[in-house]
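Asks: coords below, sequence missing:
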Ligand SMILES: Nc1ncnc2c1ncn2[C@@H]1O[C@H](COP(=O)(O)OP(=O)(O)OP(=O)(O)O)[C@@H](O)[C@H]1O
Ligand SMILES: [Mg+2]
């Protein structure tokens, strides 16, 4: 089991008002899974993903990454865990604008202290896998949205994480490009045997899922397994 | 390595206009401190040189003279005491030359006008001080001259005297008697100082002694081979005088030159104030710019934190950016300051300080050693201004940072 959440709740407090964003979520993800969590706006998708990504703390409950409970970890240990075990893909791509595509993908390897030579090999290999080898030297603003998201996917995978989390990865793309991006993710999921958890309100994305889970009002409803597309 | 170098450098180039603005402010501040320091240094060196030219390095006189208890002329040094002092000076290898002087005051009288003057009676063409250098009209004083005088430009105008003209000087002798002596103007000197030129005249020592009716002198003036040795030699000579049982006191040029001290402390205060003002200005302007620039990258910070960058690494990226910004700006400032200074030095632009009669060329001493302090000051001001925004960015909440904008 690469990921498990137990009775995860998150309550936002705005002034005196309490907004329950997650209400006791139990969820598991096996190594190599490709799961899509699908739900409407405000249902708690981003909240859930942030907790799993260990960038936010639950109100109660526990997140286990690769069997390790995370609630007692320090800020530094969490950063360490994020950079070694988790890859992130964002709705708005979130590339570093001053770095080239190559450097963006290379960045997490620098954090890991990987040698320059190995960084080169791994970075180029991933850029090739997402079909951007020839655009390696371009800055993000010289790339299309789809290309940027492919760079972001390469960045998320370059460290060989156990788990890639994607929050609305297609929301800023047209539907054709969105499909391309999804099929790249699906392919990498199979080739690298890395688990993907994608949250989205876009039903198209569920076509690519092995398993779809519905989320509404901070609660999960298992949508059952499919073989994906 | 890449985190500390590549990203900060790239970030500097991301908003060119803003970076250029910061660089300009930092460079301007640095150039100002550097050039003003150079001007102050050069001016002080000039004042020092002209002060030493006027006072010698050391002066030996009775404590009474230094205490300005001059009414009874008891401060005068008798010839046999002068000989003893001279012996000590001759045995001191650092001493290059010496001469004696007498000072007197009285009235300079012509047919039309009378003016209070003070006279320095000196040994014409002595080895220590050469006043004849200052003569702009007529000739200097010669060893054989008796009743001749050098007068300042201003006095010459007021009394309408030309070289060759005569005037009368009245004084009181050491015994309190009234004394009158004729004097011929040998030459007219300039000190580029209105007060001095208006009341100070020079005459031969022998004639001064006649006017005062004494064989004594007021002080012995000493020059030494290295101005930076002044304090040491002063102490040495003072000790030798004490050992010989002579009750005289050595003063250094710096102790005597009140004007020099005033100028120096004025310059020091001015420069200190300028340095503080410039640093504070650089600090606040760069603070504004960097705060804005760092805040714009909030989501980027959220992103790199989310993928595992530690807080201290985020801080370091911003910190290094400010180090590069400060160092680059300061470097440009040093180069700019150097060019401006060279410009002044080559063009010889002059200004007339208060009390001076002629413009003095503005000269800037551009020693590179003087560039170190302004470089460090501006860089430190820049880096300090980055500290708070950088800390703020490093401490951002990741989720909120990711959600921004
Ligand atoms: N920082 C916050 N403070 C207060 N309430 C919040 C905060 N973040 C989210 N919420 C609330 O929690 C609930 C879940 O929000 P979340 O962003 O997780 O939903 P989402 O499914 O990602 O929606 P979307 O599709 O719009 O991105 C919503 O009601 C939202 O208003
Ligand atoms: Mg969301």
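Replies: Done, it's in. Owing to the predicted nature of the structure, the values given are computational and were not obtained by experimental measurement. Ligands and ions are numbered 1, 2, ... in the order given.
Asks: okay, now residue B:10: neighbour count?
Replies: Residue B:10 sits with 17 neighbouring residues when counted by other CB atoms under 10 Å in any protein chain shown. Backbone N, C-alpha and C define where each C-beta goes, glycine included.
Asks: Which helix or which strand is home to it?
Replies: Taking DSSP states H and E as the definition, one finds residue B:10 inside helix B:6-12.
Asks: Pull out the buried positions in the longest helix along chain A.
Replies: The longest helix of chain A (DSSP state H) is helix A:175-192. Judged by neighbour count (16 or more other CB atoms under 10 Å in any protein chain shown), helix A:175-192 contains these buried residues: A:177, A:178, A:179, A:180, A:181, A:182, A:184, A:185, A:186, A:188, A:189, A:192.
Asks: Direction included, what does the next helix-or-strand element following it pair up with?
Replies: Next helix or strand after helix A:175-192 toward the C-terminus (DSSP H and E): strand A:195-200. Sheet pairing of strand A:195-200 (DSSP bridges) gives strand A:34-38 (parallel), strand A:163-167 (parallel).
Asks: hmm, strand A:195-200 in reach of ligand 1?
Replies: No - for strand A:195-200, no contact with ligand 1 is found by CB under 6 Å from any ligand atom; the gap never falls below 7.0 Å.
Asks: Just confirm residue B:230 contacts residue B:253, I think it does.
Replies: Yes - assessed by CB atoms under 8 Å, residue B:230 is found in contact with residue B:253 at 6.8 Å.
Asks: Neighbour count for these two, which is higher?
Replies: Using other CB under 10 Å, the more surrounded residue of residue B:230 and residue B:253 is residue B:253, with 23 against 19.
Asks: and that one, what is it in contact with?
Replies: Residues near residue B:253 by CB atoms under 8 Å, 6 or more residues apart in numbering or on different chains: B:51, B:52, B:55, B:56, B:57, B:58, B:59, B:230, B:260.
Asks: can we see that at 6 Å?
Replies: Residues near residue B:253 by CB atoms under 6 Å, 6 or more residues apart in numbering or on different chains: B:51, B:52, B:55, B:57.
Asks: Over to the nearest residue to the second one once chain neighbours are set aside: give its phi and psi.
Replies: Closest residue in space to residue B:52, ignoring its immediate chain neighbours: residue B:253 at 5.3 Å, by CB to CB, 6 or more residues apart in numbering or on different chains. When quoted as degrees, to the nearest 10, the phi and psi of residue B:253 stand at phi -60, psi -40.
Asks: starting at the chain centroid, how far to the following helix or strand past the helix holding residue B:10?
Replies: Downstream of helix B:6-12, the next assigned helix or strand under DSSP H and E is helix B:16-55. Its chain's C-alpha centre lies 13 Å from the corresponding centre of helix B:16-55 when counted by CA atoms, centre = their mean, to the nearest Å.
Asks: In helix B:16-55, which of the residues would be classed as buried?
Replies: In helix B:16-55, counting by 16+ other CB under 10 Å, buried: B:19, B:22-23, B:25-44, B:47-48, B:50-52, B:54-55.
Asks: count of residues packed around residue B:357?
Replies: 14.
Asks: In a strand, it, correct?
Replies: No - secondary structure of residue B:357 (DSSP: H, G, I helix; E, B strand; the rest coil): coil, not part of a strand.
Asks: what's the spacing between the closest residue to it other than its chain neighbours and residue B:240?
Replies: Spatially, and ignoring its direct neighbours in sequence, residue B:357 is nearest to residue B:192 (5.4 Å; CB to CB, 6+ apart). As judged by CB to CB, to the nearest Å, residue B:192 and residue B:240 stand 37 Å apart.
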